[in-house]
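Novice: Sequence plus predicted model, see below.
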Amino acid sequence: MRPTQKQPEADPVAHLVAWHDGDHRAAIETLMEDVRHLREQLALASAAMSAGYTRGWAPNEDRQ
């Protein structure tokens, strides 16, 4: 039986900050822009979906 090699877990926060050359403020601004965009997409999807399509379920931007 072969031993399994564990891959180190990637740190998404460190990757995001590194992508912005260590600028934490720029990283947060990018995340805030992504949140705004995704909320707009959720609003569009909510408007386009019928209650029958989702059997009464409706998307909600609030976290449970």
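Specialist: Good, I have the coordinates. Numbering: from 1, shown residues only.
Novice: Report the rounded mean pLDDT for the top helix by length along the chain.
Specialist: Selection of the longest helix in the chain by residue count, based on DSSP state H, yields helix 24-48. Here helix 24-48 scores 91 as its mean pLDDT.
Novice: For it, name the packing helices and strands.
Specialist: helix 12-19 (3 or more Cβ pairs under 8 Å, 6 or more residues apart in numbering; DSSP states H and E). Just so you know, the C-beta spots here come from the backbone N, C-alpha and C atoms, and that holds for glycine as well.
Novice: neighbours of residue 43, just the number please.
Specialist: Residue 43 has 12 neighbouring residues, counting by other Cβ atoms under 10 Å.
Novice: Which pLDDT value belongs to residue 58?
Specialist: Looking at residue 58, its pLDDT is 70.
Novice: Tell me how far it lies from residue 40.
Specialist: 17 Å (Cβ to Cβ, to the nearest Å).
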